[in-house]
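> what's the 3D shape of this:
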Amino acid sequence: MNMEWKMRVSFDLDEVLFVSPKTHKTEPELMFPLNKIFKERLRLGTPELINKLQELGYEVWIYTSSFRTERYIKSLFRCYHVKFDGIVNGTRHLKEVQRGHKDTLPQKLPSRYHISLHIDDEAIVCTMGGQFGYNVYQLEAEDDEWKEKIIERAAVIRKRESLQNMDEGGLV
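As a prediction, this is how the structure comes out:
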């Protein structure tokens, strides 16, 4: 068994981490002039959750179908003291996943990047998890306990995957 194995958790951006202050509780707006460069507002608790997941030993990724650049995403989250372990945007997905496939593949394919749990708001992404081999947590409306629910779901999946890895390695 690879002792360096870390479970990957990914988040979509729009309507998951980036939300409207009209419909969701949000982190404080960035100070001028950063608020003019980065207009998106983060769901309240986002930096705390991402940093907590990393403290617990998870890799945390962004997997978005948006075409925001990796540099833009990194720069925005750096303002909140958050660093991601990996970023897949629409450009990278088209290049690495869709590539030369004639059939259109799903807009996100977390299993391609060995992501064990993907958090998204779109029903279609969530329903395709079983078909394409990834676990998903659907984050819908405002939920004050969203962070705890995601940490709990990640722990369940990590335990299951850890047992599977041990079994495949002949250690069980």
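> Show me the helices in this structure, by range?
Ranges of helices in the chain, per DSSP state H, are 34-37, 46-55, 70-78, 90-93, 123-127, 129-132, 146-168.
> in the second one, what counts as buried?
For helix 46-55, the neighbour count (16 or more other CB atoms under 10 Å) marks 46-47, 49-50, 52-54 as buried. C-beta here means a position set from N, CA and C on the backbone, and glycine is covered the same way.
> And for stretch 66-76?
For stretch 66-76, by 16+ other CB under 10 Å, it's 68, 72-73, 76.
> Equivalent analysis for stretch 30-41, please.
Residues 30, 38, 40-41 are the ones in stretch 30-41 that count as buried (16+ other CB under 10 Å).
> Any stretches of the protein with poor pLDDT?
The model of the chain has pLDDT under 70 over residues 1-4, 104, 165, 167-172.
> Of the buried residues of stretch 30-41, which is the nearest to Val60?
Proximity of those to Val60 (CB to CB) peaks at Glu40, which lies at 17.6 Å.
> Tell me, how many residues neighbour the closest residue to that closest one other than its chain neighbours?
Leaving aside its chain neighbours, Glu40 sits nearest to Phe18 (4.2 Å; criterion: CB to CB, 6 or more residues apart in numbering). Other residues near Phe18 come to 22 when the count uses other CB atoms under 10 Å.
> Is it correct that Phe18 is in contact with Phe38?
No. If you go by CB atoms under 8 Å, Phe18 and Phe38 don't touch, sitting 9.9 Å apart.
> residues in contact with the residue nearest to Glu40?
Shown in contact with Phe18 (CB atoms under 8 Å, 6 or more residues apart in numbering): 40-43.
> likewise Leu76?
By CB under 8 Å, 6+ apart, Leu76 lies in contact with 38, 40.
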